[in-house]
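Novice: My questions are about this predicted structure, shown below with the sequence.
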Amino acid sequence: MRPELQILQITLQALSAFAIAGGLLYTAFQFRQARKAQAVANFANLVELQYQLRKIRVEHPELASVHHLDVAHLGTEREVQEYFLNLMQLSLFEIAWYAHRHQQLPDDYFNSWEKRMTQLMREESFRRMLQSPAMKIMHDDFEAYLRGLLGITATTAERSLRDGTAQHGS
């Protein structure tokens, strides 16, 4: 066989091998992205279920006492509604935070959420919700992120809650 044909044959085989390898890498990347998207979707579904439970308590504050420790610090139905409405808003922000953390939400969109939530966190009813000693189910890293956003440490937050002197606790 002539050397030119052998070089052509080897070149075509190499190109085929590189094309196959590139296809496999691309497929692996796509599977990884699909797994990330599925993880974010699963997280969002769990938080949405929690959101729905909170929504029931906003619409029917009399049902909130089913878990009496959640409402022991709340005196009126209006306070129950405000508390759970603020938790609902926090749930939506937690979904945005998680999606952003997994590169499923662009920086500019998340930054707008963060800006609005920082404004919301200045509201008295929101601060009361964060200060409440009632359990708030949220991702531990999200809770740490909130503390950083509010400029408080875990120790400060825990001490504030224990002593009842919280500025912004969770």
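Specialist: Received, thanks. Numbering: from 1, shown residues only.
Novice: which element is Glu94 on?
Specialist: Per DSSP states H and E: Glu94 is located in helix 77-101.
Novice: Also Met138?
Specialist: Using DSSP H and E, Met138 maps to neither a helix nor a strand.
Novice: So which residues make contact with stretch 75-95?
Specialist: 43-44, 47-48, 50-51, 54-55, 57-58, 61-62, 64, 71, 74, 113, 117, 120, 125-126, 128-129, 132, 134, 136, 138-139, 142 (Cβ atoms under 8 Å, 6 or more residues apart in numbering). C-beta: built from backbone N, CA, C; applies to glycine.
Novice: Pull out the buried residues from those residues.
Specialist: Burial by neighbour count, 16 or more other Cβ atoms under 10 Å: within the contacts of stretch 75-95 this picks out 43-44, 47, 50-51, 54-55, 57-58, 61, 64, 71, 74, 113, 117, 126, 128-129, 132, 136, 138, 142.
Novice: So which of the residues you listed sit within strands?
Specialist: Using DSSP state E, no member of the buried ones among the contacts of stretch 75-95 falls within strands.
Novice: Among those residues, which are located in helices?
Specialist: Judged by DSSP state H, helices contain the following of these: 43-44, 47, 50-51, 54-55, 57-58, 71, 113, 117, 126, 128-129, 142.
Novice: Nearest to Gln103 among these?
Specialist: Phe43 (13.7 Å; Cβ to Cβ).
Novice: which residues touch the closest one?
Specialist: Going by Cβ under 8 Å, 6+ apart, Phe43 touches 95, 98, 139.
Novice: Now do it against His100, distance only.
Specialist: To His100, Phe43 is 12 Å away according to Cβ to Cβ, to the nearest Å.
Novice: okay, now Asp108: neighbour count?
Specialist: The local packing of Asp108 (other Cβ atoms under 10 Å) involves 7 other residues.
Novice: confidence score at the closest residue to Leu105 other than its chain neighbours?
Specialist: Closest residue to Leu105 apart from its sequence neighbours, by Cβ to Cβ, 6 or more residues apart in numbering: Ala99 at 4.0 Å. Ala99 is assigned a predicted lDDT (pLDDT) of 95.
Novice: Next one: Ala99 relative to Gly151, how far apart?
Specialist: 24 Å.
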